[in-house]
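Asks: Okay, sequence plus prediction incoming.
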Amino acid sequence: MLGSTNALHALAAGGPVRLVAAGSLGAGVLFARNSTAQMMAADGLTWQEAAANQPRFHGAARRLLVAGERSNALPNPRAEGAAPGTWPTGWSISNASSLSVTCNGPVAAQGMTGIEVAIAGEASAAGNLRINLGTAAVTIPAGGVSAFSIGHQAVSATGMTGAQLRAPGASSAIMSVAPPGATVARVSAQHAYASAASNIALGYVVLFGAGTVNIVLRLYWPQFEPGAAFASSPILPPAGSPAAGTRAADQPSLALAAAQGTLAGTFLLPQAAPAGIDQGLLQLDDGTDGNRVALRNAAGGSTVEAAVVSAGTATILAGGTVTPGTPFRVALAWGGGGVALCLGSGTVRSTATLPSGLSRLLIGHAAATLARPAFGEVGPLDLHPTRLPDATLQALTAP
């Protein structure tokens, strides 16, 4: 997908051009995503749905959220079918022992739907019970990693000693999470499978101590993302049609046949890059990965770098480290003298290599195949019409 050349006309008039602003995309930037997707509203608390091909401006900062394709393999994350005394379709309770466990019916909070569960009685000893959230009809290979997440809240927590996410029979997948508090919070965990696992059942486990138990929990939007090293934003099927669902990749892009220029922007990555997978911030390319300049957070950590690839041969410019969850500023410049990178007003790194045929800008990606998405936020992002001097790159990226 390519953008129009409106941005180039603005550059000819002197620029810079703001490609990504708080809550909007600049002229010439096109956007596609072949599905609906969830984003956080401007209040920073409420989830809301973006229509297909609608960009997501996430949270109070209204930065552009760019993520890759992911699936939620659980068939009923909306907890449809719940009623007082009736569990949602596909949900159930296990190992209740002598305690009374009741589904009080559906609840809603912060744009999410879920259920309220009441657990009460006298426990003769410490123990646990599992609220089964559905079964994912998938197979995970040995060595595969998957991510689990859920929203939870405790109206009452008397006797509760902890919480876990558990996938019974799946290589002993037992994952402790932060216990629920008085306000809604989404928690997540990852699991690496020692052996192959199929038809994975996800459960929310309540740990309790001996004595009086009076627990009232609310659970929202459980999610199991097969093959994912970390959890992403919630993925839901259409209301009224429970089934495993997929969120397509966000695809912002711009046609940019410019012999020189500078991109300066703010980015936020919620997590470090997993092993073997870069997190893409920007890519200038010729429509392929054979000639490109890829700005990315390198696999296995939090190091921002630029990969300058000319005819398949790469030169790496190391920019420095960033902190997950904290915004950072970076500038990428190109022109007849090559390519330059500056992170956080630090040392400018450069190479004389300039790939040929650069004609497209991908925002939030570092691969033409969209296989290296940011899973993070972009903006503001400005395009300057020239390769700016090193001192200006440092000034533009000051924290």
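Replies: Yep, that arrived. All values derive from a computational prediction rather than experimental measurement. Residues are numbered from 1 along each chain as shown.

Asks: which ones are touching the residue of the chain positioned farthest from its centre?
Replies: In terms of distance from the mean C-alpha position of the chain, Ser124 ranks first, at 42.3 Å (CA atoms, centre = their mean). Applying CB atoms under 8 Å, 6 or more residues apart in numbering, we find Ser124 in contact with Ser98, Ala210. C-betas here are computed from N, CA, C, even on glycine.

Asks: what does Arg70 give?
Replies: By CB under 8 Å, 6+ apart, the neighbours of Arg70 are Glu225, Ala228, Ser232, Ile235, Thr246, Arg247.

Asks: 6 Å instead, please
Replies: Glu225, Ser232, Arg247 (CB atoms under 6 Å, 6 or more residues apart in numbering).

Asks: In the sheet, which residues pair with it? Tell me.
Replies: Beta-bridge pairing for Arg70 (DSSP bridges): Arg247.

Asks: Per the annotation, how does this protein divide into domains?
Replies: 6-69+249-396, 92-246 (automatic domain parsing).

Asks: confidence score at the residue farthest from the centre of the chain?
Replies: For Ser124, the pLDDT comes out at 93.

Asks: Could you tell me how far it is located from Leu99?
Replies: Applying CB to CB, to the nearest Å, the value for Ser124 to Leu99 is 10 Å.

Asks: One more: Ala352?
Replies: With distances taken as CB to CB, Ala352 is found 70 Å from Leu99.

Asks: the more surrounded of those two?
Replies: Leu99 (19 against 10; other CB atoms under 10 Å).

Asks: Quick check: closest non-adjacent residue to the more buried one.
Replies: Excluding the flanking residues, the one nearest Leu99 by CB to CB, 6 or more residues apart in numbering is Gly121, at 4.0 Å.

Asks: Could you give the bridge partners of the one you found?
Replies: Beta-bridge partners of Gly121, as defined by DSSP bridges: Val213.

Asks: Settle this for me: it is touching Ser100, isn't it.
Replies: Yes: contact criterion CB atoms under 6 Å: Gly121 and Ser100 qualify, at 5.3 Å.

Asks: Which of these two has more residues huddled nearby?
Replies: Using other CB under 10 Å, the more surrounded residue of Gly121 and Ser100 is Gly121, with 17 against 10.

Asks: Identify the residue nearest the geometric centre of the protein.
Replies: Ser232 (3.5 Å).

Asks: That one belongs to a helix, doesn't it?
Replies: No: judged by DSSP: H, G, I helix; E, B strand; the rest coil, Ser232 forms no part of a helix; its state is coil.

Asks: What score does the residue lying closest to it once chain neighbours are set aside have for pLDDT?
Replies: Nearest non-adjacent residue to Ser232, counting by CB to CB, 6+ apart: Arg70, 5.0 Å away. Per-residue confidence at Arg70 stands at 98 (pLDDT).

Asks: Ok, Ser171 next?
Replies: 57.

Asks: Could you do Trp87 as well?
Replies: For Trp87, pLDDT reads 97.

Asks: Identify the bridge partners of the spatially closest residue to it that is not a sequence neighbour.
Replies: Once flanking residues are discounted, Trp87 sits nearest to Cys103: 4.9 Å by CB to CB, 6+ apart. Here Cys103 shows beta-bridge partners Val117, assigned using DSSP bridges.

Asks: Next, count neighbours for Cys103.
Replies: 21.

Asks: Turn the contacts of Arg70 into TSV, including pLDDT.
Replies: What follows is the contacts of Arg70, written out as TSV (pLDDT from 0 to 100):
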residue	pLDDT
Glu225	96
Ser232	98
Arg247	98
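
Asks: Now those in TSV, please, with extra columns for distance to His365.
Replies: Formatted as TSV, these follow (distance: CB to CB, whole Å):
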residue	distance to His365
Glu225	19
Ser232	15
Arg247	15
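
Asks: right, and out of these, which lies closest to Ile174?
Replies: Glu225 (18.0 Å; CB to CB).

Asks: Look up how far Phe57 lies from Gly114.
Replies: Distance of Gly114 to Phe57, given as CB to CB: 25 Å.

Asks: repeat for Phe267
Replies: 15 Å.

Asks: Repeat that for Leu74.
Replies: Counting by CB to CB - Leu74 and Phe57 are separated by 27 Å.

Asks: quick one: which of those two has more around it?
Replies: A count of neighbours by other CB under 10 Å puts Leu74 above the other of Leu74 and Phe57, at 30 against 23.

Asks: That one: helix or strand, and which one exactly?
Replies: Counting by DSSP states H and E, Leu74 is held by no secondary-structure element, helix or strand.

Asks: which residues touch it?
Replies: Leu74 touches Gly134, Ala136, Pro222, Phe224, counting by CB under 6 Å, 6+ apart.

Asks: ok, 7 Å please
Replies: Residues near Leu74 by CB atoms under 7 Å, 6 or more residues apart in numbering: Leu133, Gly134, Ala136, Leu202, Pro222, Gln223, Phe224, Ala244.

Asks: ok, how many other residues are close to the closest residue to it other than its chain neighbours?
Replies: Leaving out its chain neighbours, the residue that sits closest to Leu74 by CB to CB, 6+ apart is Gly134, at 4.4 Å. Close neighbours of Gly134, defined as other CB under 10 Å, add up to 24.

Asks: Help me confirm that Gly134 comes into contact with Thr89.
Replies: No: between Gly134 and Thr89 there is no contact under CB atoms under 7 Å: 8.6 Å.

Asks: Need the residues touching each of the two.
Replies: Between them, Gly134 and Thr89 share the contacting residues Asn76, judged by CB under 7 Å, 6+ apart.

Asks: Okay, and the beta partners of the spatially closest residue to Gln260 that is not a sequence neighbour?
Replies: Distances taken as CB to CB, 6+ apart put Gly335 closest to Gln260, at 3.3 Å, once the chain neighbours are dropped. Note on Gly335: beta-bridge partners by DSSP bridges are Gly338.

Asks: got any ranges where the protein has weak pLDDT?
Replies: Applying pLDDT under 70 to the chain flags residues 1-14, 169-172.

Asks: Now do stretch 184-199: everything it contacts.
Replies: 109-110, 135, 137, 139-153, 165, 167, 169-171, 173, 175, 177-178, 220, 229-231.
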